[in-house]
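A.B. asks: What follows is a predicted structure for the sequence shown.
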Number of protein chains: 2
Amino acid sequence: MTQTSSAIDEIAANRCFGGWHRRFRHYSATLRCEMVFAVYLPPQAASAPVAVLYWLSGLTCSDENFMHKAGAMRVAAELGIAIVAPDTSPRGAQVPDDPDGAWDFGHGAGFYLNATQQPWAEHYRMHDYVVFELPALIEACLPVTVHRGISGHSMGGHGALVCALRNPGRYRSLSAFAPISHALDSPWGQKAFARYLGADRATWRAWDACELIADASERLPLLVDQGEADGFLVEQLQPDKLQRACLAAGHPLHLRRHPGYDHSYFFIASFIDDHLRHHAAALIR
Amino acid sequence: MTQTSSAIDEIAANRCFGGWHRRFRHYSATLRCEMVFAVYLPPQAASAPVAVLYWLSGLTCSDENFMHKAGAMRVAAELGIAIVAPDTSPRGAQVPDDPDGAWDFGHGAGFYLNATQQPWAEHYRMHDYVVFELPALIEACLPVTVHRGISGHSMGGHGALVCALRNPGRYRSLSAFAPISHALDSPWGQKAFARYLGADRATWRAWDACELIADASERLPLLVDQGEADGFLVEQLQPDKLQRACLAAGHPLHLRRHPGYDHSYFFIASFIDDHLRHHAAALIR
């Protein structure tokens, strides 16, 4: 199949809050496979380009989870912000998957990094995909500006932090829901890093939010929401470590802990409006 | 298994907008099978019983579709209304299903009626389940009042109309999204009615919204939203017939037609807030 990254095919369109939810398929030269992503274009995009919030989803998700479950379109339409939801890994029969069929590695678990180890390195380059290829495609094909925000959930919260911290100047705003704060010290992160990046733990630091915050050259104010009844809180997410890293580095962090809330989209839906307004304050000015 | 209809087992609970999304399993004596339903309890329910909006979903849905995708909890929490989402049919291996495995009959397609024909009559009694058994159970076990509203989508819009029109005095408020307005004259309705109710079309009239509106003794103001890009509009939904029936009977109808909107939950999410406020105006007073 010969396809260029400038070609996108619309596979669905649904009117929503006066704007449009649209799904596209395209060939990703970065990932060397076909990918699907979703966009919410608010009503304002019909008359002028709008800023974009990139949403990175968690383990096992596709582009659909956030668009169906977060309830974000109402306020996105009010504020005039587009939302882009990529998939969470390269996909397809030719893309190697977890040999044991586990849900926390391989398909649906790209961890938003660039793999260096075989057999993963050929396709698993989600960092370059979400930071460079996908925005370039969207900015070429859809009515959006280059004003970008980034957020995400769990593995995608880790991804949002790492993508922003590694690329100063590329995003105007940053937030996360229940991020894997210190991936190199969490079981999910260790499993992924050991395979995608190899045994040398020195290479892991470049993909860890707490490590990157220590040396960041840009200090985007960070809004983080965390449910206190989240079953992954202590072992995988470790917001205390994020808090300590931000304190030590002087990085602005607004960490909100919510009693009773878990890791689900019921939690995300309850607080997404605040995140959209946090991003809008930086994106629209 | 010996179970009574007074026993409900909680199988999930998620904090959401200050209240709780909860799922329960119970044995339904009406349907002669185990059923799952979902409830959203707003924060106000922690201090005093609250009114309930019953939501009847469309073909193929379970209790989950509305709770995950409609974005209804925010305004339900603001207004102090509970929402109950039952399943769309009896379930389980012992419940007969469409012999051809079709998605528009049998499991996921109970049509909110009481079947009279074999092999359906033993289990397919969704009318009595959603109108009587489920409310009795909920009113006995959860902090809710007997102030009930009812709404639904597509097959569930038909169900909401029929349940309210057949049971004057039981509901205080009524609305629907893209209802099957004249089921006995739509392909979905004809297939279901012929099997559940038999070949005698005279029996179908008691389960058809347009027929029931003609003779209704109660005139609950009806809010109906319909997308004009809905692929089922002309053949299955036929809002013109509902409009004519309401006009002829003097039944108050506010039918809103929305250009560009389809049959999906993106459409429902866009207008659910108006429905919640419509119900609250009648439920909370």
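C.D. replies: Alright, I've got the coordinates. Residues are numbered from 1 along each chain as shown, chains lettered A, B, ... in the order given.

A.B. asks: Do I have it right that A:Arg22 meets A:Cys16?
C.D. replies: No - under the contact definition of C-beta atoms under 8 Å, A:Arg22 does not touch A:Cys16, with a separation of 9.8 Å. Placement of C-beta: from N, CA and C, glycine included.

A.B. asks: quick one: common contacting residues for these two?
C.D. replies: Taking C-beta atoms under 8 Å, 6 or more residues apart in numbering or on different chains as the contact rule, the neighbours common to A:Arg22 and A:Cys16 are A:Tyr40.

A.B. asks: More neighbours: these two, which one.
C.D. replies: Per other C-beta atoms under 10 Å in any protein chain shown, whichever of A:Arg22 and A:Cys16 has more neighbours is A:Cys16, with 28 against 19.

A.B. asks: Only alpha carbons, please: show stretch A:181-190 as PDB.
C.D. replies: Taking Å, rounded to 0.1, in the frame of the first residue of the first chain, the C-alpha atoms of stretch A:181-190 are listed here in PDB:
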ATOM      1  CA  SER A 181       4.000   9.900  37.900                       C
ATOM      2  CA  HIS A 182       7.200   8.000  38.200                       C
ATOM      3  CA  ALA A 183       7.000   5.300  35.500                       C
ATOM      4  CA  LEU A 184      10.500   3.900  36.000                       C
ATOM      5  CA  ASP A 185       9.500   3.000  39.600                       C
ATOM      6  CA  SER A 186       6.000   1.600  38.800                       C
ATOM      7  CA  PRO A 187       5.300  -2.000  37.700                       C
ATOM      8  CA  TRP A 188       3.500  -0.900  34.500                       C
ATOM      9  CA  GLY A 189       6.400   1.400  33.600                       C
ATOM     10  CA  GLN A 190       9.100  -1.100  34.400                       C
END
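
A.B. asks: buried set for that stretch?
C.D. replies: Of the residues in stretch A:181-190, those buried under the neighbour-count criterion (16 or more other C-beta atoms under 10 Å in any protein chain shown) are A:181-186, A:188-189.

A.B. asks: what does stretch A:24-39 give?
C.D. replies: A:24, A:26-28, A:30-31, A:33, A:35-39.

A.B. asks: next one: stretch A:141-155
C.D. replies: A:142, A:144, A:147-155.

A.B. asks: Equivalent analysis for stretch A:205-212, please.
C.D. replies: Taking 16+ other C-beta under 10 Å as the neighbour-count basis, stretch A:205-212 is seen to contain the buried residues A:207-212.

A.B. asks: For A:Gly231, give me its contacts.
C.D. replies: When contacts are counted by C-beta under 8 Å, 6+ apart, A:Gly231 is found next to A:262-263.

A.B. asks: do the same with A:Trp55
C.D. replies: A:66, A:70, A:72, A:83-85, A:150-153, A:156 are the contacts of A:Trp55 under C-beta under 8 Å, 6+ apart.

A.B. asks: what's the burial count for whatever residue of the stretch 51-200 of chain A ends up closest to chain B?
C.D. replies: When scored by C-beta to the nearest C-beta, the stretch 51-200 of chain A has A:Gly71 as its residue closest to chain B, at 3.6 Å. Taking other C-beta under 10 Å as the criterion, the count of residues near A:Gly71 is 25.

A.B. asks: Nice, that's everything, thank you.
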